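Student: predicted structure and sequence below. I'll ask about it afterward.
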Amino acid sequence: FWFYKFVALVASTVGALYIPDGHFTYTWFIIGSGGAFFFILIQLVLLVDFAHSWNESWIENMDKGNSRGWYTALLAVMILNYITAFIAVVLCFIFYTKPDGCIINKFFISFNVVLCTVASVVSVLRKVQVQEISALIKKV
């Protein structure tokens with residue numbers, strides 16, 4: 001019955017566009033905001049779980065053999081992700097701010113950069129590590 005489910009979903013989405021403005025629009029906004037929040041929360045949990053399982057898989061391979069190669073691969077992927085994040089921050093500043101305005105946008109972009117930096121530094125501290133040996137601190 002997937003076809004009928006998709007037809008009902010499309011029909012309700014198209015039908016919602018024809019509802020006139022009023023109290024229902026505000027209610028629809030609140031429900032949509034709540035749904036978006038939970039969707040992003042679930043995606044973040046899945047992303048962290050994926051990164052954790054990927055890291056553990058590579059650490060297992062590092063322990064089984066050719067530790068230098070796996071350590072280099074892990075370090076290369078980490079550096080690539082940090083470079084990608086830096087490029088994304090620069091693009092956010094280019095496209096979402098202006099030199100003489102957009103103070104709120106500049107604040108939120110900068111605040112996210114500070115939070116990500118703090119989280120990155122805290123995540124490699126020995127007191128925070130869940131496992132005894134972290135791949136980033138492990139001596140090769």
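Tutor: Thanks, I have it.
Student: what ranges does the chain have for its helices?
Tutor: 2-17, 23-64, 67-96, 103-123 (DSSP state H).
Student: can I get those helices in CSV with mean pLDDT and mean neighbour count?
Tutor: Bear in mind the C-beta positions are built from the backbone N, C-alpha and C, glycine included. Below are those laid out as CSV (pLDDT from 0 to 100; neighbours: other C-beta atoms under 10 Å):
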stretch, mean pLDDT, mean neighbour count
helix 2-17, 92, 9
helix 23-64, 89, 11
helix 67-96, 91, 12
helix 103-123, 92, 12
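Student: could you check how far the spatially most central residue of the chain is from Phe38?
Tutor: Nearest residue to the geometric centre of the chain (C-alpha atoms, centre = their mean): Leu44, 5.4 Å. Taking C-beta to C-beta, to the nearest Å as the measure, Leu44 falls 11 Å from Phe38.
Student: over to Ser67?
Tutor: 40 Å.
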